[in-house]
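K.L.:
how does the following fold in three dimensions:
(one chain, ligands or ions: 1)
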Amino acid sequence: MALLSPVSLSHDPLPSPLVLPPRTVSLFNSQQIFGSKLKSGEIEHTLLRLSTTLRTSPGLAMKASREPPGLTQELRNSKLERVAETESGSDLFDNIKHRFLSFKKHKYMENLEHYEKLAKGQAPKFMVIACADSRVCPSAILGFQPGESFTVRNIANLVPPFEKGPSETNAALEFAVNTLEVENVLVIGHSCCGGIRALMSMEDEGDSSSFIRNWVVLGKHAKLKTKAAASNLSFDQQCKHCEKESINRSLRNLLTYPWIEEKVREGVLSLHGGYYDFVDCTFEKWTLDYDESSLKEEDEGISVKDQLFWC
Ligand SMILES: [Zn+2]
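P.N.:
This next block holds a predicted model:
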């Protein structure tokens, strides 16, 4: 069993309307990427809580009233913002705390032996590469339990080719394949992927300083294939086509890593694609057919086998 120090490789961004990253928003419309809607309901909720706080905090109102009017208003706004942040954060983490304690009581303590084994090491059979989108957590939809899947999540679940050099995704791959010796790599794409939509809608010449743009452009082959094969379809349908095409491109890119290609050739590692459609809640799964795919030319795509459709 191989050990990895406890570094988080997967992030589900917490819904935090008060700390949106401003640079990301300005460089590229981040709502395009994660379909995030912020969320007039949440803002109203915060404002409502603010006025409640004012009514229930006479001390705050009295102290503010002794200051000059302009300053008073500023002070009041600043304090109210702090109170709102504190309360909002507190509620948020209260909720998280209860979820953690529930996990501890019902999962950890009831399977203590299993978790004691995990404390000594991990031997997952799966490496999963999924989108960072908050709606598509692989553990939630496929039921992966602690110890079952080594997971990395990035925008649009892309695998860069070997020649692109180091990234967090291929660092995770190297550890999973060479050290953990996983038997399966599963790349999971999904419906309504904002990263693929950004790829499909971006101009060839664009803001080269955008981190997002520089990442999703890894899917340019999938975009070109989609444009060639599905240009008669609507833009939404083209995006869906590209969501699946890019998974196959990532499977092909996996074969550009010599240590992956060798294990696939030896039959000790399998490469799989998955597509989660959360609009109608279906899941497609397929497996790269190495013998067939290895004969294909660069732009011909890959051959697949063992296609399944779960609905
Ligand atoms: Zn996505």
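
K.L.:
leaving out chain neighbours, which residue sits closest to the most centrally placed residue in the chain?
P.N.:
Centroid-nearest residue in the chain, with C-alpha atoms, centre = their mean: residue 132, separated by 0.9 Å. Leaving out its chain neighbours, the residue that sits closest to residue 132 by C-beta to C-beta, 6 or more residues apart in numbering is residue 153, at 4.6 Å. No exception for glycine: its C-beta is placed from N, CA and C like everyone else's.

K.L.:
am I right that the one you found is in a strand?
P.N.:
Yes: assessed by DSSP: H, G, I helix; E, B strand; the rest coil, residue 153 belongs to a strand.

K.L.:
picking that back up, how far away is the residue nearest to the centre of the chain from the ion?
P.N.:
Separation of residue 132 from the ion (C-beta to the ion, to the nearest Å): 7 Å.

K.L.:
the strands in the chain, which residues?
P.N.:
Ranges of strands within the chain are 126-131, 149-154, 184-190, 270-277, 282-288, 304-310, based on DSSP state E.

K.L.:
okay if I get these as JSON lines plus mean neighbour count and mean pLDDT?
P.N.:
As requested, the strands of the chain are exported to JSON lines (neighbours: other C-beta atoms under 10 Å; pLDDT from 0 to 100):
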{"stretch": "strand 126-131", "mean neighbour count": "25", "mean pLDDT": "98"}
{"stretch": "strand 149-154", "mean neighbour count": "23", "mean pLDDT": "98"}
{"stretch": "strand 184-190", "mean neighbour count": "24", "mean pLDDT": "98"}
{"stretch": "strand 270-277", "mean neighbour count": "21", "mean pLDDT": "98"}
{"stretch": "strand 282-288", "mean neighbour count": "18", "mean pLDDT": "98"}
{"stretch": "strand 304-310", "mean neighbour count": "12", "mean pLDDT": "96"}
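
K.L.:
nearest to residue 117, out of those?
P.N.:
Ranking the strands of the chain by proximity to residue 117 (C-beta to C-beta) places strand 149-154 first, at 16.1 Å.

K.L.:
now the closest one: how far from the chain's centre is it?
P.N.:
In terms of C-alpha atoms, centre = their mean, to the nearest Å, the centre of strand 149-154 is set 9 Å apart from its chain centre.

K.L.:
and what of stretch 147-159?
P.N.:
The answer for stretch 147-159 is 7 Å, by C-alpha atoms, centre = their mean.

K.L.:
CA atoms of that stretch as PDB?
P.N.:
C-alpha atoms of stretch 147-159 as PDB (Å, rounded to 0.1, in the frame of the first residue of the first chain):
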ATOM      1  CA  GLY A 147     -10.200   4.500  -0.100                       C
ATOM      2  CA  GLU A 148     -11.900   3.500  -3.400                       C
ATOM      3  CA  SER A 149     -10.900   6.300  -5.800                       C
ATOM      4  CA  PHE A 150      -7.900   8.500  -6.200                       C
ATOM      5  CA  THR A 151      -9.500  11.600  -7.600                       C
ATOM      6  CA  VAL A 152      -8.400  14.800  -9.300                       C
ATOM      7  CA  ARG A 153     -10.900  17.400 -10.500                       C
ATOM      8  CA  ASN A 154     -10.200  20.200 -12.900                       C
ATOM      9  CA  ILE A 155     -12.200  22.500 -15.300                       C
ATOM     10  CA  ALA A 156     -13.800  20.300 -18.000                       C
ATOM     11  CA  ASN A 157     -12.100  17.100 -16.800                       C
ATOM     12  CA  LEU A 158      -9.300  17.500 -19.300                       C
ATOM     13  CA  VAL A 159      -6.100  15.400 -19.500                       C
END
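
K.L.:
what about the residue nearest to residue 132, distance to the ion?
P.N.:
Distance from residue 153 to the ion, by C-beta to the ion: 9 Å.
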